[in-house]
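J.: Got a sequence here, can you build the structure:
(one chain, ligands or ions: 1)
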Amino acid sequence: MKIAILSRNAKLYSTTRLVEAAESRGHDVRVLDVLRCYMNITSHNPSIHYRGEDLTDFDAVIPRIGASVTFYGTAVLRQFEMMNVMPLNESVAISRSRDKLRSTQLLARKGIGLPVTGFANNPDDIADLINQVGGAPLVIKLLEGTQGIGVVLAETYNAAESVIQAFMGLKANIMVQEFIKEAGGSDIRCFVVGDKVVAAMKRQGAEGEFRSNLHRGGSASIVRLTPEERSTAVRAAKIMGLNVCGVDMLRSNHGPVIMEVNSSPGLRGIEAASEKNIADLIIQFIEKRFETLETAKDKAHSKTRTRGKG
Ligand code: ADP
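T.: Below you'll find the predicted structure:
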């Protein structure tokens, strides 16, 4: 197959691992800087151009779109989709997952366990908002934050009130969440490929840190999932419409609760903790999905031909 990887930097661990895995399985793979792709949307033949070259003939595209380039990156991916190039994750699913509030609402609608979460606009509603999530301590999250930046633990009612007031004053979009104390500063990353959790790790925040992000100094170790955690992760991926993703959850007293579903999960931490070749599993998934889609296309094609003859 001819596979494109949309990534800002070919030297990133996850990107190099995907290139290695694709090449070792005999594919022709190319890394494209998503911000250097430009496109002709209006033509009858939608096209993508790259440093003056016309990009054609790709069978599949692996989006590794960072949060800071979501808007442009998903536009490029959509263009590949218009050209019938199979995406590992669809652009619409990536956009969905990048909005913490939208994701939380979608997961809640399907009955997935979540921390009690509130959202408000007017400072007059702060007291009620705090009460709704069970009072302090509580967690305040910037909707656009990543890697733990913009996630604040407010230990007292007064702290919660003043931080929420400050964020509202800055017109920042925030959501307010019940603090899952019993998680003890750790969370679980489930790596989903297709309809399976292929690896999982427990991330523990640094001493005195409630955020377990590896970027915030957390450490990872292997973990054994319960059947409920496993099925929650697979369901969450399905609801978001993501074929490959990292589902982050906390172990609460009332079962697993989802933090977020990450559409470009990093491979370094999970491959190290699980000692599995996750990149290879992703490429295998692409091969299978491509074959299924091609077979379906062939069937539809031969059906129309037979009909034509009759
Ligand atoms: P980001 O997308 O920036 O990583 P998250 O929502 O995943 O933000 O939060 C970062 C970390 O903070 C989580 O991995 C978790 O360890 C901790 N955390 C987030 N929300 C809660 C919560 N409601 N209760 C307890 N810990 C939380």
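
J.: element containing the residue lying closest to residue 10 once chain neighbours are set aside?
T.: Computed as Cβ to Cβ, 6 or more residues apart in numbering, the closest residue to residue 10 that is not its neighbour in sequence is residue 31, at 4.2 Å. (Each C-beta comes from the backbone N, C-alpha and C, glycine too.) Assigned by DSSP states H and E, residue 31 belongs to strand 28-32.

J.: which strands and helices sit next to that strand?
T.: Here strand 28-32 touches strand 2-6, helix 13-24, going by 3 or more Cβ pairs under 8 Å, 6 or more residues apart in numbering; DSSP states H and E.

J.: at 10 Å instead, please
T.: Applying 3 or more Cβ pairs under 10 Å, 6 or more residues apart in numbering; DSSP states H and E, we find strand 28-32 packed against strand 2-6, helix 13-24, strand 47-50, strand 60-63.

J.: Dump those to JSON lines, plus mean neighbour count.
T.: Listed next are the helices and strands packed on strand 28-32 as JSON lines, based on neighbours: other Cβ atoms under 10 Å:
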{"stretch": "strand 2-6", "mean neighbour count": "23"}
{"stretch": "helix 13-24", "mean neighbour count": "19"}
{"stretch": "strand 47-50", "mean neighbour count": "16"}
{"stretch": "strand 60-63", "mean neighbour count": "24"}
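
J.: of all these, which lies closest to residue 211?
T.: Closest of the helices and strands packed on strand 28-32 to residue 211 is helix 13-24, at 21.4 Å (criterion: Cβ to Cβ).

J.: related to what we said a few turns ago, touching, the residue nearest to residue 10 and residue 17? I think so.
T.: No - counting by Cβ atoms under 10 Å, residue 31 sits too far from residue 17 to count as a contact (11.9 Å).

J.: Export the helices and strands packed on strand 28-32 as TSV, with columns for distance to the ligand and mean pLDDT.
T.: Formatted as TSV, those follow (distance: least, Cβ to the nearest ligand atom, whole Å; pLDDT from 0 to 100):
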stretch	distance to the ligand	mean pLDDT
strand 2-6	21	98
helix 13-24	17	98
strand 47-50	30	95
strand 60-63	18	98
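
J.: Now do the same for the residue of the stretch 51-200 of the chain at minimum distance from the ligand: its pLDDT.
T.: Across the stretch 51-200 of the chain, no residue is closer to the ligand than residue 180, which sits at 3.7 Å (Cβ to the nearest ligand atom). At residue 180, the model reports a pLDDT of 96.

J.: which ones are touching it?
T.: By Cβ atoms under 10 Å, 6 or more residues apart in numbering, the contact list for residue 180 reads 115-116, 139, 187, 210, 249-254, 257, 259.

J.: Check residue 46 too.
T.: Going by Cβ under 10 Å, 6+ apart, residue 46 touches 39-40, 78-84.
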